[in-house]
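Q: I would like the atomic coordinates for the input below:
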Amino acid sequence: MRAVVQRVVRGSVSVGGGTVAEIGRGIVVLLGVGKDDGPGDAAYLGGKIVNLRIFEDEGGKLNRSLLDVGGSALVVSQFTLYGDCRHGRRPGFSDAADAGRGKELYELFVSEMAGLGVDVATGVFQAHMLVEIVNDGPVTILLDSKKQF
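A: Below you'll find the model as predicted:
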């Protein structure tokens, strides 16, 4: 499972001209599910993200987590995080999970975060979404449950 985590002052998702989710201060998580991922990946990444110390403390150090600041999360599915661009000019997506498995693990990931005490909003799985991210910092972190980076 791969995630792009961005600290934000606000974020939103629109589908078909209407807003389906929005948050204020917190994080936007762009989440990709790989074909070899399972429930353990969702649990690991959910716990890692809610406890990432990417918010500033009183001294200006990145020392506080999403839980510490009471922020929200907006989770958006993004299978393109498994795009392989090493050959040719068009990405290949053979390492991404199929839609059924991807949705199952995406929803499990969202449940993991919510179960840890985070207010979680979501995009619409497999929809064409317009995602607005107002990155704060900017702070952007890349995570991989298999620890490939």
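Q: Let me see the contact set for the residue sitting nearest the centre point of the chain.
A: Centroid check for the chain by CA atoms, centre = their mean gives residue 29 as the closest residue, at 2.1 Å. The contact partners of residue 29, taken as CB atoms under 8 Å, 6 or more residues apart in numbering, are 3, 4, 5, 6, 49, 73, 74, 75, 76. Using the backbone N, CA and C atoms, a C-beta is placed for each residue, glycine as well.
Q: Quickly find the element holding it.
A: strand 26-32 (DSSP states H and E).
Q: got it, and residue 131?
A: Assigned by DSSP H and E, residue 131 falls in strand 130-144.
Q: export the contacts of residue 29 to TSV and tack on secondary structure, distance to residue 117 and neighbour count?
A: Shown next, in TSV, are the contacts of residue 29 (DSSP: H, G, I helix; E, B strand; the rest coil; distance: CB to CB, whole Å; neighbours: other CB atoms under 10 Å):
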residue	secondary structure	distance to residue 117	neighbour count
3	strand	19	23
4	strand	22	17
5	strand	17	22
6	strand	20	22
49	helix	13	25
73	strand	11	24
74	strand	16	26
75	strand	15	26
76	strand	21	22
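Q: Ends of stretch 42-61, what's the gap?
A: Across stretch 42-61, the terminal residues are separated by 28 Å (CA to CA, to the nearest Å).
Q: one step back: skipping its backbone neighbours, what lies nearest the residue nearest to the centre of the chain in space?
A: Nearest residue to residue 29 in three dimensions, chain neighbours excluded: residue 75, at 4.7 Å (CB to CB, 6 or more residues apart in numbering).
Q: So residue 12 belongs to a strand, correct?
A: Yes: when DSSP: H, G, I helix; E, B strand; the rest coil is applied, residue 12 is found to be in a strand.
Q: Report the beta-bridge partners for it.
A: For residue 12, the beta-bridge partners are residue 22, residue 132 (DSSP bridges).
Q: Residue 96 is in contact with residue 35, correct?
A: Yes: using CB atoms under 8 Å, residue 35 makes contact with residue 96 at a distance of 6.5 Å.
Q: Just want to know which of the two has more residues nearby.
A: More crowded of residue 35 and residue 96, by other CB atoms under 10 Å: residue 96, with 23 against 13.
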